[in-house]
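**Student:** Quick one, what's the 3D model for this:
(4 chains)
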Number of protein chains: 2
Amino acid sequence: MLQGQDAAAIYIERWVEATTKPEPGICPVRNVLDRIGDKWSMLLVMTLATGPRRFNQLHREIPDISQKMLTQTLRDLQRDGLVSRRVFDTKPPSVEYQLTALGHSLIVPFGHLIEWANESIPVINQARARYDEVA
Amino acid sequence: MLQGQDAAAIYIERWVEATTKPEPGICPVRNVLDRIGDKWSMLLVMTLATGPRRFNQLHREIPDISQKMLTQTLRDLQRDGLVSRRVFDTKPPSVEYQLTALGHSLIVPFGHLIEWANESIPVINQARARYDEVA
DNA sequence: CCGAATCCACGTTGATACTG
DNA sequence: CAGTATCAACGTGGATTCGG
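**Tutor:** Numbers count the residues shown, from 1 in each chain, chains lettered A, B, ... in the order given. Model (predicted):
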């Protein structure tokens, strides 16, 4: 993993590399950002990070999400290969969701962002206060 | 910076730390994710990463963005302390935008995400193809 | 050159009701 | 238990027009 103050240059290169690919559909960054940026995906990923869950179990842990969005977000995550879905034909049926290896691999880079958010939020709030007070 | 296979546990802790704070407004993660996830913020940040730009200069480099969203996104970034704005009262007026130290500090953790996106996009596309073909 | 202001189309999300 | 289906509300972003 890269370190140091000028590591930024490397990341800028990667950004260019990622955003200039004329790949199928749209660029890798937008694909990932659209998922990460949506309202529930990362909350689900981080919840599943500690172990598999069943549908209503997830719903109980995250009461704010609607049933529709829980289903939809899980489908999207499954489609992207971040989450796997196993059906046990018990009666009544039971479905278990868990992170795939790919899903787990997202936690570390995402964690760096969380870390940055935690460290930076005081500065951000300060900047916001200053900005708002002028206006 | 943390490494290794079980670093995930640390990041999960940080996630909990960040999401359980009953801070002013909403949690740090949502604040940061809302910015990062929007349509233009990171594109602007990465464009400004290589040096300051003037308004129309940015507009020329990113033709797809509307003037409204360019202004609005720059305002939001400025409010969060990620971008600074300097006005030169020449005639006609000229305004220069550049990343702050905080803005620059975002590049590295964001870069990890880009790196993940670049590495993972083939797997993701594969997963999507498999998912779609069943349906 | 650097915006502000307005209007509107669209996608995302939520609420509610129903089903195997 | 684990969904689907339908409808409505809301916010984001784009197009356009105007101003200092």
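**Student:** so what's residue A:117 up against?
**Tutor:** Counting by Cβ atoms under 8 Å, 6 or more residues apart in numbering or on different chains, residue A:117 touches B:18, B:28, B:29, B:31, B:32. For every residue, glycine as well, the C-beta is placed using N, CA and C.
**Student:** which of those residues lies closest to DNA strand C?
**Tutor:** DNA strand C lies nearest to residue B:29 out of the contacts of residue A:117, by Cβ to the nearest atom of the strand, at 14.8 Å.
**Student:** Spatially nearest residue to the closest residue to chain B within chain A, not counting backbone neighbours?
**Tutor:** Chain B sits closest to residue A:37 of chain A, with a gap of 1.8 Å, by Cβ to the nearest Cβ. What sits nearest to residue A:37 in space, not counting adjacent residues and going by Cβ to Cβ, 6 or more residues apart in numbering or on different chains, is residue B:37, at 1.8 Å.
**Student:** The one you found - how many residues pack around it?
**Tutor:** 19 (other Cβ atoms under 10 Å in any protein chain shown).
**Student:** Against residue A:35, how distant is it?
**Tutor:** Going from residue B:37 to residue A:35 by Cβ to Cβ, to the nearest Å gives 9 Å.
**Student:** next one: residue A:97
**Tutor:** On the measure of Cβ to Cβ, residue A:97 and residue A:35 end up 16 Å apart.
**Student:** What of residue A:102?
**Tutor:** Taken as Cβ to Cβ, the span from residue A:102 to residue A:35 is 12 Å.
**Student:** can you check residue A:87 too?
**Tutor:** Distance, residue A:87 to residue A:35, using Cβ to Cβ: 24 Å.
**Student:** So between those two, which is more surrounded?
**Tutor:** residue A:35 (20 against 9).
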